[in-house]
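> Please find the sequence and the predicted model below.
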Amino acid sequence: MRGKIKKEETQWVTLQEELQYLQLYLDIEKVRFGNRLTTEINIDESSFNLKLPALLLQPIVENAIKFGLYDTTGETLIQLYASKEENDLIIRVTNPFDPETSSPKQGVGFGLKSIQRRLYLLFARTDLLTTNSVSSEKGEKENIFTTVVKIPQG
């Protein structure tokens, strides 16, 4: 945690470095939630050296854990995907949610709004963070909330 705090918010890090810090955070959360929290990280090897602002992923994953785990009693799978698409680093984080107890509708909450603002200040664009929730019918797959971040690379 100290290593992460030392990073200035304006500093850029590689995806690989950001993932190392994220893994430390996830290790703490896995101790906290035990077997209820499972994470799956799928990274396209070509994206490991792409740059992103330091401290960007943890609030997104915190949001996924909050809406995917806090109001449930079962196991929760948080998935993170990263790849390079054209000249952008694309990061997708998905989590299940219970529509009865949480409200991750089309909008964004405080943590995601702060990321959206930070990206706007860096790139003067409002389209770099998007969210989507897909609610399933009864008896079908679970409800999934997806956060997508696009980081221009040059």
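Yes, it's here.

> Kindly provide the distance from residue 118 to residue 56.
Distance from residue 118 to residue 56, counting by CB to CB, to the nearest Å: 8 Å. Heads up, the C-betas are built off the backbone N, CA and C, glycines and all.

> now do residue 88
Residue 88 sits 14 Å away from residue 56, going by CB to CB.

> For the two, indicate the residue with more neighbours.
Counted by other CB atoms under 10 Å, residue 88 and residue 56 do not tie: residue 56 has more neighbours, with 21 against 17.

> OK, contacts around the more buried one?
With contacts defined as CB atoms under 8 Å, 6 or more residues apart in numbering, the neighbours of residue 56 are 18, 115, 118, 149, 151.

> The second one belongs to a strand?
It stands for residue 115. No. With DSSP: H, G, I helix; E, B strand; the rest coil as the criterion, residue 115 is located in helix rather than a strand.

> Provide the secondary structure category for the spatially most central residue of the chain.
For the chain, residue 60 is the residue whose C-alpha lies nearest the centre (CA atoms, centre = their mean; 3.4 Å). Put simply, residue 60 is helix when judged by three-state DSSP.
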